[in-house]
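Asks: Need the 3D shape of this:
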Amino acid sequence: MLCETCRAITPQAFWSQRESTRRAGRPVVEHGYPHLDYVSLGVSSATCDLCALIFAQLGGERKDLDHTKKHRVLLISSTYPSHKGLAPGVSSIYGMVVGTKIRGYFHVFADPDNMAAISGDITGRQLLSRPDSEEAFAQVKSWLADCDARHPECRRQNFFVTEGGKGGKPRHANRDFPTRLLCIEDDRLRLVDGPDVSEDYVALSYCWGTSGQLTTTTHNTAAHRRGIPLDDLPLTQRQAAAATRKLGMRYLWVDALCIVQDDKADWGREAPQMGFIYHNAFLTIAAAGSSSSAGGLFHQRTARPTPVPVPYQSSTGKRTMLIAPLGDGFVQALDQSVWNSRGWVYQERILSRRIVEFSTSQIFFECQRHSVGEDGLPVMSIEKRLAAGRMLHGLESLWCGLIKGYTSRSLTCADDRTMAIESLARYVAGRTDTPSTKEGMYCAGAWLGKSPCHLLWYCSDRLATGGPSPRAPSWSWGSVDVPVQWEMSWYVFGSELVSKLELPPEVYGLVPTDKRVRTARLRVEAPVINLRRADKRMGLVEGSEAVSMGMGPYEVNAQTHPGCYQILSSTGKVVGWGVFDQGAAGPQSFLAAILSTSMDEEEKLSHVVLLAAAEVEADNFVRIGVGEIRTTVDECVRKVVTIV
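Replies: Next up, the predicted model:
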């Protein structure tokens with residue numbers, strides 16, 4: 001049963017606008033459908049199904065509201081008319097108590113054969129009861145068919161740059177298929193040679209976990225070529241094979257089975273090709289709801305609350321929308337999943353032309369043009385759009401943004417730190433016409449030829465422990481095991497360069513496992529000055545001096561970051577601030593090399609990389625942090641230093 005106020009609701013009312021009040025002589029435009037006030041809503045909830053749902057989602061009998069006053073309630077669409085004035089389809093709304101932070105969120109959907117859906121009034125759809133049902137795979141096939149027919153950017157394109165900087169397919173790969181694939185038969189998977197295959201294949205993205213993992217090794221390769229019984233496979237691989245067959249395909253790539261896991265030479269050949277494999281797959285299937293290979297693709301779904309039917313009248317007749325509490329969406333189901341926390345998944349997800357993600361709550365589909373879920377809610381996956389070539393801010397901000405996202409994820413093997421993003425580097429090089437030659441000068445995760453500012457990374461919110469890792473030079477973010485980031489604005493990347501960088505040409509574009517990359521010496525010609533770190537970190541300094549040094553637009557929180565200290569001149573004067581990779585564990589005196597300068601209001605500031613003398617060799621330095629100082633170039637000595 002619905003009350004009179006709820007019976008008057010239409011989809012258009014959720015995004016309509018009106019002048020509600022005036023402030024200082026100016027009209028205030030209000031969006032959404034004005035419902036009953038909060039107290040009246042509570043009274044009506046006893047007899048009206050929709051009022052009961054709205055009241056419950058807003059918190060029910062709230063003690064934090066003054067019930068002697070009328071608190072207005074609005075129902076507002078999460079989407080609005082486009083800039084062309086086109087009416088949006090409604091898929092979700094939120095209720096708000098005006099003047100408070102109280103919110104409630106709702107899924108709005110319609111049966112596919114109802115005119116509410118056919119007309120486009122309602123774009124939300126009800127979740128399916130089972131992810132392995134015929135209806136579920138019909139939906140996936142529909143997404144794939146639409147993408148394959150209408151999205152030219154989602155078709156196979158070769159943007160990868162090979163080792164050594166030349167364009168074309170990755171090194172050792174003169175074909176569009178992986179070295180090995182799994183042929184899916186009735187009761188088994190059979191390991192076959194990729195070059196012998198002429199059909200499209202599916203790639204699997206998943207978490208290995210700590211449970212038993214079936215792998216291909218030098219001892220069982222021959223047996224796997226004869227066939228792997230389906231019953232021997234972990235649940236994720238077994239269900240991935242079933243999903244591949246349901247989609248009408250019969251070749252599958254799984255890293256554990258298609259790479260010889262105890263053969264270092266095979267791993268060395270295949271690991272740099274990972275992104276190529278995922279990009280060239282017709283589709284990637286992701287076990288997004290599982291934390292191990294035993295978790296599977298298909299999860300039993302919890303019962304959803306019964307939706308409230310809301311009929312409404314249109315110019316062509318009666319239609320019905322359904323309203324229910326909003327369940328887990330894209331962010332909760334995917335972005336916050338264990339699967340998405342894996343470092344290797346980062347490039348798998350971005351480089352896959354199409355990916356179907358089986359989460360615990362619903363199935364999602366992402367391609368180079370858009371992202372969508374079963375529920376019909378609009379989804380924006382920014383990183384997929386970046387991979388599609390919409391690189392609005394150039395290579396500098398693009399790459400640093402990708403590294404920020406990547407380093408926030410985990411790796412089972414820390415030595416994979418730069419390898420797990422190697423394919424993404426080659427892909428970006430091809431997309432931006434930036435080969436790994438001197439112009440690009442890509443090495444150990446950094447595009448040093450484009451901007452010295454790629455050295456200005458800092459540990460996001462914690463300290464690096466144990467000093468730089470030998471897997472990468474100290475100037476590379478790959479040498480630390482913590483999340484890193486850059487200041488992404490024009491303030492740094494638009495600053496005036498006052499330094500020059502030089503690497504040995506033979507290391508340009510080499511894979512990170514190459515010993516020459518791990519020991520690459522970076523020559524920096526820049527203005528330098530000797531400075532020292534204050535005794536107390538900035539968050540512990542009392543008085544006005546603690547805040548006298550501005551942090552500019554940097555995202556680092558000086559009061560809480562354990563590595564943030566003031567920088568002092570030789571006379572003890574505060575000249576800037578720095579984020580020290582190891583905090584107080586590092587040396588107190590250091591050399592600051594100015595990479596670039598920019599203006600902050602009327603003051604020129606210098607962006608510096610902080611260096612300490614290397615213990616092993618004289619005249620060499622290791623990076624210990626970054627910072628910003630008021631010292632100008634004129635106060636420094638220009639010289640060449642070598643960072644190892």
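
Asks: Sketch out the low-pLDDT regions of the stretch 401-550 of the chain for me.
Replies: Residue ranges of the stretch 401-550 of the chain with pLDDT under 70: 431-440, 449-451, 467, 488-495, 509, 539-550.

Asks: The same query, at a cut-off of 50, please.
Replies: 436-439, 542-550 (pLDDT under 50).

Asks: ranges for the strands of it?
Replies: Assigned strands in the stretch 401-550 of the chain, in chain order: 442-443, 446-447, 458-459, 484-485, 496-497, 500-502, 522-537 (criterion: DSSP state E, counting those that start in this stretch).

Asks: how about those, which one is nearest Leu605?
Replies: Comparison of the strands of the stretch 401-550 of the chain against Leu605 by C-beta to C-beta identifies strand 496-497 as nearest, at 10.9 Å. C-beta: built from backbone N, CA, C; applies to glycine.

Asks: Partner strands of that closest one, with direction?
Replies: Strand 496-497 sits in its sheet next to strand 589-600 (antiparallel), going by DSSP bridges.

Asks: From the chain's centroid, how far away is the partner strand?
Replies: How far strand 589-600 lies from its chain's middle: 31 Å, per C-alpha atoms, centre = their mean, to the nearest Å.

Asks: on contacts alone, who are the packing partners of the very next helix or strand once past that strand?
Replies: Per DSSP states H and E, the first helix or strand lying C-terminal to strand 589-600 is strand 603-613. Applying 3 or more C-beta pairs under 8 Å, 6 or more residues apart in numbering; DSSP states H and E, we find strand 603-613 packed against strand 574-580, strand 589-600, strand 620-629, strand 637-643.

Asks: Rebuild these as JSON lines, extending it with distance to Cys258, mean pLDDT and mean neighbour count.
Replies: Below are those laid out as JSON lines (distance: least, C-beta to C-beta, whole Å; pLDDT from 0 to 100; neighbours: other C-beta atoms under 10 Å):
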{"stretch": "strand 574-580", "distance to Cys258": "42", "mean pLDDT": "92", "mean neighbour count": "23"}
{"stretch": "strand 589-600", "distance to Cys258": "43", "mean pLDDT": "88", "mean neighbour count": "20"}
{"stretch": "strand 620-629", "distance to Cys258": "38", "mean pLDDT": "94", "mean neighbour count": "24"}
{"stretch": "strand 637-643", "distance to Cys258": "39", "mean pLDDT": "93", "mean neighbour count": "14"}
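
Asks: Throw the ones you listed into CSV and include distance to Leu41, thanks.
Replies: Below are the helices and strands packed on strand 603-613 laid out as CSV (distance: least, C-beta to C-beta, whole Å):
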stretch, distance to Leu41
strand 574-580, 50
strand 589-600, 51
strand 620-629, 52
strand 637-643, 64
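
Asks: any chance you could map the strands in the stretch 101-250 of the chain?
Replies: Using DSSP E, counting those that start in this stretch, strands in the stretch 101-250 of the chain cover 103-109, 180-184, 188-193, 202-205, 228-229.

Asks: Quick one, which of these gets closest to Gly401.
Replies: The nearest among the strands of the stretch 101-250 of the chain, by C-beta to C-beta, is strand 202-205 at 21.3 Å.

Asks: Need the contact partners of that closest one.
Replies: Applying C-beta atoms under 8 Å, 6 or more residues apart in numbering, the contact partners of strand 202-205 are 236-237, 240, 243-244, 247, 249, 251-255, 277-278, 281-287, 339, 345, 348-349, 352, 355.

Asks: Parallel or antiparallel, list what pairs with it.
Replies: Applying DSSP bridges, strand 202-205 is found paired with strand 251-253 (parallel), strand 283-286 (parallel).

Asks: tell me the most buried of those strands?
Replies: Ranked by mean neighbour count, the strands paired with strand 202-205 are led by strand 283-286 with a mean of 26 (mean count of other C-beta atoms under 10 Å).

Asks: Restrict that one to CA atoms and write it as CSV.
Replies: Provided in CSV are the C-alpha atoms of strand 283-286 (Å, rounded to 0.1, in the frame of the first residue of the first chain):
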residue,chain,number,x,y,z
LEU,A,283,38.0,-11.6,-22.6
THR,A,284,39.4,-11.7,-19.1
ILE,A,285,37.4,-13.5,-16.5
ALA,A,286,38.1,-12.3,-12.9
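
Asks: give the contact list for Arg521.
Replies: If you count contacts by C-beta under 8 Å, 6+ apart, Arg521 has them with Pro473, Leu503, Pro504, Asn620, Thr642, Ile643, Val644.

Asks: again, 10 Å this time
Replies: By C-beta atoms under 10 Å, 6 or more residues apart in numbering, the contact set of Arg521 is Pro473, Trp475, Glu502, Leu503, Pro504, Val507, Glu617, Asn620, Thr642, Ile643, Val644.

Asks: buried subset of those?
Replies: Pro473, Trp475, Glu502, Leu503, Val507, Asn620, Ile643, Val644 (16 or more other C-beta atoms under 10 Å).

Asks: Need the residues you listed in TSV (columns: distance to Gly295).
Replies: Shown next, in TSV, are those (distance: C-beta to C-beta, whole Å):
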residue	distance to Gly295
Pro473	38
Trp475	39
Glu502	49
Leu503	43
Val507	40
Asn620	48
Ile643	44
Val644	43
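
Asks: from those, which two are the most distant?
Replies: Counting by C-beta to C-beta, the most remote pair of the buried ones among the contacts of Arg521 is Val507 and Asn620, 16.3 Å apart.

Asks: Residues contacting the longest helix that the chain contains, please?
Replies: Longest helix in the chain, counting residues (DSSP state H): helix 134-150. The contact list for helix 134-150, computed with C-beta under 10 Å, 6+ apart, reads 125, 127-131, 133, 153-155, 243, 246-248, 282-283, 285, 298, 353-354, 356, 358, 362-370, 372, 374.

Asks: Out of the residues you listed, which end up buried?
Replies: Applying 16+ other C-beta under 10 Å to the contacts of helix 134-150 flags 125, 127-128, 131, 154, 243, 247, 282-283, 285, 298, 353-354, 356, 358, 362-370, 372, 374 as buried.

Asks: Skipping adjacent residues, who's closest to Leu610 in space?
Replies: Take Leu610 and drop its neighbours on the chain: the residue closest to it by C-beta to C-beta, 6 or more residues apart in numbering is Gly625, 4.2 Å away.

Asks: Show me the shaky parts of this protein.
Replies: In the chain, residues with pLDDT under 50: 83-86, 164-175, 387-393, 436-439, 542-551, 553.

Asks: Any figure for the gap between Glu153 and Val140?
Replies: Glu153 is 20 Å from Val140, where distance means C-beta to C-beta, to the nearest Å.

Asks: picking up where we left off before, tabulate the strands of the stretch 101-250 of the chain (CSV), appending mean neighbour count and distance to Cys453.
Replies: Below are the strands of the stretch 101-250 of the chain laid out as CSV (neighbours: other C-beta atoms under 10 Å; distance: least, C-beta to C-beta, whole Å):
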stretch, mean neighbour count, distance to Cys453
strand 103-109, 21, 40
strand 180-184, 23, 41
strand 188-193, 18, 45
strand 202-205, 27, 32
strand 228-229, 16, 49
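
Asks: could I get the ones you listed as CSV with distance to Thr571?
Replies: Shown next, in CSV, are the strands of the stretch 101-250 of the chain (distance: least, C-beta to C-beta, whole Å):
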stretch, distance to Thr571
strand 103-109, 55
strand 180-184, 65
strand 188-193, 70
strand 202-205, 56
strand 228-229, 71
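
Asks: nearest to Ala294, of those?
Replies: For the strands of the stretch 101-250 of the chain, proximity to Ala294 was assessed by C-beta to C-beta; strand 202-205 is nearest, at 14.2 Å.

Asks: tell me the contacts of the residue nearest to Leu610?
Replies: Contacts of Gly625 by C-beta under 10 Å, 6+ apart are 458-459, 464, 533, 563-565, 567, 578-583, 586, 590, 592, 608-612.
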